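Q: heads up, no residue letters with this:
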């Protein structure tokens, strides 16, 4: 019994240090929270500007080399590794739609008799494979984004704060 009492007294000597640590942690948490709140609107605005810029470039690239456009998108993504998931998802959807359009254009040429069957198959099969892979990747990324948002909304409540005057269990 005496050893428990001496251990309890020893632990109580750390109480001021613990309170100071808690206060510091709460202050840092609030500072991080306020910085995050300031950052989010700026990040959203940047994401919108990137999408607008990419749509503009896409409209230019429509009349030029499409492969150059894809290379340019990859280059832009490499400049900023902090690209938002929504922006990346939008880019993937655009690339998927582009591959589908290329397949449709090739099919139309074949139906109109502008291509022989062997040339059509040699060009169509790789394009169709690319279109399917891109569509599957878009669907998977969409699922991942929605599951991440569901988890984020579930965990969005901040940790409750404990007033300093509140007694701790077992320390009365």
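A: It's in. Predicted model, so just to flag it, every value in this text is computed and none were measured.
Q: just the helices in this protein please.
A: With DSSP state H as the definition, the chain shows helices at residue ranges 2-12, 15-61, 66-79, 85-111, 117-154.
Q: most packed of the ones you listed?
A: For these, average neighbour numbers computed from mean count of other Cβ atoms under 10 Å are highest in helix 85-111, which has a mean of 16. No exception for glycine: its C-beta is placed from N, CA and C like everyone else's.
Q: format the helices of the chain as a markdown table; extra columns: mean pLDDT.
A: Rendered in a markdown table, the data for the helices of the chain read as follows (pLDDT from 0 to 100):
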| stretch | mean pLDDT |
| --- | --- |
| helix 2-12 | 83 |
| helix 15-61 | 83 |
| helix 66-79 | 57 |
| helix 85-111 | 85 |
| helix 117-154 | 86 |
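Q: now do the contacts for the most centrally placed residue in the chain.
A: Residue closest to the mean C-alpha point of the chain, counted by Cα atoms, centre = their mean, is residue 85 at 2.9 Å. Taking Cβ atoms under 8 Å, 6 or more residues apart in numbering as the criterion, residue 85 is in contact with 141, 145, 148.
Q: now with 7 Å, please.
A: By Cβ atoms under 7 Å, 6 or more residues apart in numbering, the residues touching residue 85 are residue 145.
Q: care to break the chain down by domain?
A: For the chain, the domain assignment from automatic domain parsing gives the residue ranges 21-80, 84-151.
Q: reformat those as a markdown table; add distance to residue 8.
A: A markdown table is the format used below for the domains of the chain (distance: least, Cβ to Cβ, whole Å):
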| stretch | distance to residue 8 |
| --- | --- |
| domain 21-80 | 20 |
| domain 84-151 | 40 |
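Q: quick check: the residue nearest to the centre of the chain vs residue 143, distance?
A: Here the distance between residue 85 and residue 143 works out to 12 Å (Cβ to Cβ, to the nearest Å).
Q: likewise residue 96?
A: Plainly put, residue 96 is 15 Å away from residue 143 if you go by Cβ to Cβ.
Q: check residue 113 too.
A: 41 Å.
Q: before we move on, what about residue 11?
A: As judged by Cβ to Cβ, residue 11 and residue 143 stand 48 Å apart.
Q: likewise residue 9?
A: With the distance defined as Cβ to Cβ, residue 9 ends up 56 Å from residue 143.
Q: kindly report the same for residue 4.
A: Relative to residue 143, and taking Cβ to Cβ, residue 4 is found at 54 Å.
Q: over to residue 126?
A: As defined by Cβ to Cβ, residue 126 lies at a distance of 26 Å from residue 143.
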